[in-house]
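1. Sharing a sequence plus its predicted fold:
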Amino acid sequence: MSKRIVCLLLLALLLLSGCDEAEKEWATFTSEDGGFSILFPGKPEEQIESVSTAIGTIETEFFIVEQKDRAYSLNYADYPKEIVAASDAGSMLDGAGMGAVSNVNGELLDEKEITLDGYPGREIRIEVKEDDIIIHARFYLVENRLYVVQAVSKSEASTPDIDKFLDSFQLGP
């Protein structure tokens, strides 16, 4: 191969890698109403949806950044305080995780108990074979608010960007 072709290939690789970096401009997103901050690779789209649950319809706020092979999202919902007080936090988190698996017709690959600032949580990984995706999710129950932080990717294990996103979630504005 000639030196000119090698130089052109190297230049093309540098330009392409520069384009990928532009797509991955990470910035802290803070929601005072939501009571959290998190790193997103871009400005998230916000939407509010009514979600049917076993205890009735719950308003859920979503924050989403989609990329060509990946999506990052955070959502939260406030549950009635009396229902949360009468329930076991572990059971609620387990139910949320199993609901996520069921909603996507997926297979639970991993599950472990976690905490954030003393609040209980669950971390799960779901495989959705028919769509060839992996969902990495963390659920936290903070008083009567359930936070769901998740990254969806095309059949790949955890990556530095997915870990960066999940690990960046913090309570408080």
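-> Arrived safely, thanks for sending.

2. which residues in this protein form helices?
-> 3-23, 81-85, 89-103, 160-167 (DSSP state H).

3. contact partners of the second one?
-> So that's helix 81-85. 55, 92, 141, 143-144 (C-beta atoms under 8 Å, 6 or more residues apart in numbering). (C-beta placed from N, C-alpha, C; glycine too.)

4. can you check the third one too?
-> Surrounding helix 89-103, the residues in contact under the criterion C-beta under 8 Å, 6+ apart are 54, 84, 106-108, 111, 113, 120-122, 124, 126, 135, 137, 139, 141, 146, 148.

5. mind listing what's buried in that helix?
-> 92-97, 100-101 (16 or more other C-beta atoms under 10 Å).

6. Do me a favour and get the end-to-end distance for stretch 148-166?
-> Stretch 148-166 has an end-to-end distance of 10 Å (C-alpha to C-alpha, to the nearest Å).

7. For it, what does the pLDDT average out to?
-> Stretch 148-166 shows a mean pLDDT of 88.

8. same thing with stretch 64-80?
-> On average, stretch 64-80 scores 94.

9. buried ones in it?
-> Quick answer for stretch 64-80 (16+ other C-beta under 10 Å): 64-65, 70, 72-77, 79.

10. ok, which stretches of this protein are strands?
-> 27-31, 36-40, 45-53, 56-66, 70-78, 107-116, 119-128, 133-142, 145-154, 170-171 (DSSP state E).

11. re the thing from before, most neighbours of all the contacts of helix 81-85, which one?
-> L141 (21 neighbours; other C-beta atoms under 10 Å).

12. can you tell me which residue is nearest the centre of this protein?
-> Central residue of the chain (C-alpha atoms, centre = their mean): Q150, 1.5 Å from the mean position.

13. do you know how far that one is from P120?
-> Distance of Q150 to P120, given as C-beta to C-beta, to the nearest Å: 17 Å.

14. Then N75?
-> N75 is 18 Å from P120, by C-beta to C-beta.

15. low-scoring stretches of this protein, by residue?
-> 1-24, 155, 157-158 (pLDDT under 70).

16. could you redo the last one with a cut-off of 90?
-> 1-24, 51-56, 68-69, 95, 99, 103, 129-132, 154-159, 173 (pLDDT under 90).
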